[in-house]
Every structure is written in C-alpha cells, then in structure tokens.
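Trainee: only geometry, no sequence info:
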C-alpha cells in the first residue's frame, strides 16, 4: 500500500526546522496540482535555492529519512525546466505499478497538509488571519486565540463476502476501476455502524460478523481509512444506489479484476480475497 515504503521512513512529527539549501520544496497551484518532474521510476521535486533561504513563506511538512520537505505558500513566477503541475491522480498514474511508492506517498501526504493550510487561512471563530503555531502543527488566531489542527476524515472500506464471492462496486463518476463499498463515518457513529450503514445505503444489504483488517492514510481525500471484512446477512439480492454507483455485483474469487496499482487498501483487500487469504 501507499504507506509501505520500508526501508524508508516518513517522519511526520512537527519540527521547528529551518530550510536549508537543497531541501525539497513543494508547490501546489489553486487546483491542488503539484509541481514535479518524472525521472524514470522516481519524482523530482524543486529544491530550495540558497538565495531563498530567508523566505518566510516556507512551511516544514515532514522528512523522508534525512530529507526535509517544505511547502511554499507562494507559487514560482517561472517554472523550473522540465517541471509541470500534475494532479494527485496523475502522479498516482505516472508512478504506475513500478514507480516509487515513497514519492507517491510524499505527494499524497503533502497534498493533505497543503489542503488544510489553504483552507484555514482565516479563523473560523472570529475571521482574523491565522498564523502558524510556534510549538506544534496547528494554526493559531492571534486575535481570539482559537487553535485548529489538521483535519483527518475517518472512513471505512468494506469487503462484503457471500460465500466464495465478494461485493465489487464502481463509482458512477471519478475512479473507473473496481472498488469496495466505502464511506465516511458520521457524527456519533462507530466504525462498525458506518460499515452497516454504508453497505445498506450503497447495496441494500444487511451484514454480520464485521471484522477489522487494517488501516491506511489516504491524503488524496484527507482520510484515515479503516478496512473491514464482513458477511452478507440474509437475502443477498443487491439493490444498488444508482446515484453513487454504476456497478455493484457479487464476483467470484477467480473473476476479480484488481486495480492497476498496489497503492490502496481497497486493492489489497480485493487481492487477499482473490487469493483466499482474507481474514
């Protein structure tokens, strides 16, 4: 999956770190596209030049091993040679099956933080401009002292089993490959209750024997995904939500078509069922 980057390691804790010449610098445009260049199976990120070390618009994001990554709050006037703005989906597809998972994880996680910084420039309580917190990853309001932290959306991925078949879906718009039932957790709801509700809403099915499998950060949607397997309870007739899905069917193990890369929790759960090693 996208976070499986060993032996490399992402250090995501906040550090009050000053930029150094050669540190990686990430730029996101107004549409959330990142400035990168592809070289073989890796991505190249712009580097902080010596002349820009005094800039106060650089925000420390995280480190990949010993390499520091910063976010620029301003866009460059001229693009470095060979660099273009790519969407998160384009980066995912650009790296494909054999590209650098670590580079893709860097972009997804940086996008998550950029989105939060961009969406919280002003205080939601009093409307004053927000500043960066001095001691932790947060935005602070110098006027009313309101503090906000990066938003993380809890969501579930659900592998619904019916004997030797798995419930596969495809979204009506957006991602065009096979997926599993998925959805966000609502206020006052447990993850297990989310599983039951989402399966009922998307497929009109009751489920039982809900078992947690694994979790995954998914910066594209600012999510933390929790994967569950469960079994259909009673009538297996699917009543698909046609407003959200264009496909929902029981598929035999041997007929399951996997996604074109191994980045997602969804694909791992489908693969495990296909190979008969699901929980």
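Mentor: Okay, I see it. Bear in mind the structure is a predicted one, so any value in this text is a computation, not a measurement.
Trainee: Now do the longest strand along the chain: distance to the chain's middle.
Mentor: Longest among the strand segments of the chain by residue count, using DSSP state E, is strand 207-218. How far strand 207-218 lies from its chain's middle: 17 Å, per C-alpha atoms, centre = their mean, to the nearest Å.
Trainee: Show me what that strand is packed up against.
Mentor: With contacts defined as 3 or more C-beta pairs under 8 Å, 6 or more residues apart in numbering; DSSP states H and E, the packing partners of strand 207-218 are helix 101-119, strand 153-162, helix 191-203, strand 223-232, helix 265-274. Placement of C-beta: from N, CA and C, glycine included.
Trainee: now the strands: where do they sit in the stretch 51-200 of the chain?
Mentor: 58-64, 67-72, 84-86, 131-132, 139-140, 147-148, 153-162, 165-171, 181-184 (DSSP state E, counting those that start in this stretch).
Trainee: helices or strands next to the first one in the packing?
Mentor: Think strand 58-64. Using 3+ C-beta pairs under 8 Å, 6+ apart: strand 58-64 touches strand 10-11, strand 67-72, helix 101-119.
Trainee: With the second one instead?
Mentor: Secondary-structure packing of strand 67-72 (3+ C-beta pairs under 8 Å, 6+ apart): strand 24-26, strand 58-64, helix 101-119.
Trainee: and the nearest residue to residue 220 once chain neighbours are set aside, how far is that from residue 237?
Mentor: Leaving aside its sequence neighbours, residue 220 sits nearest to residue 88 (C-beta to C-beta, 6 or more residues apart in numbering; 5.1 Å). Using C-beta to C-beta, to the nearest Å, residue 88 is found at 37 Å from residue 237.
Trainee: Quick one: residues contacting the residue nearest to residue 196 when sequence neighbours are not counted.
Mentor: The shortest distance from residue 196 to any non-neighbouring residue, by C-beta to C-beta, 6+ apart, is to residue 207 (6.0 Å). Residue 207 sits next to 158, 160, 195, 196, 199, 230, 231, 232, 233 when contact means C-beta atoms under 8 Å, 6 or more residues apart in numbering.
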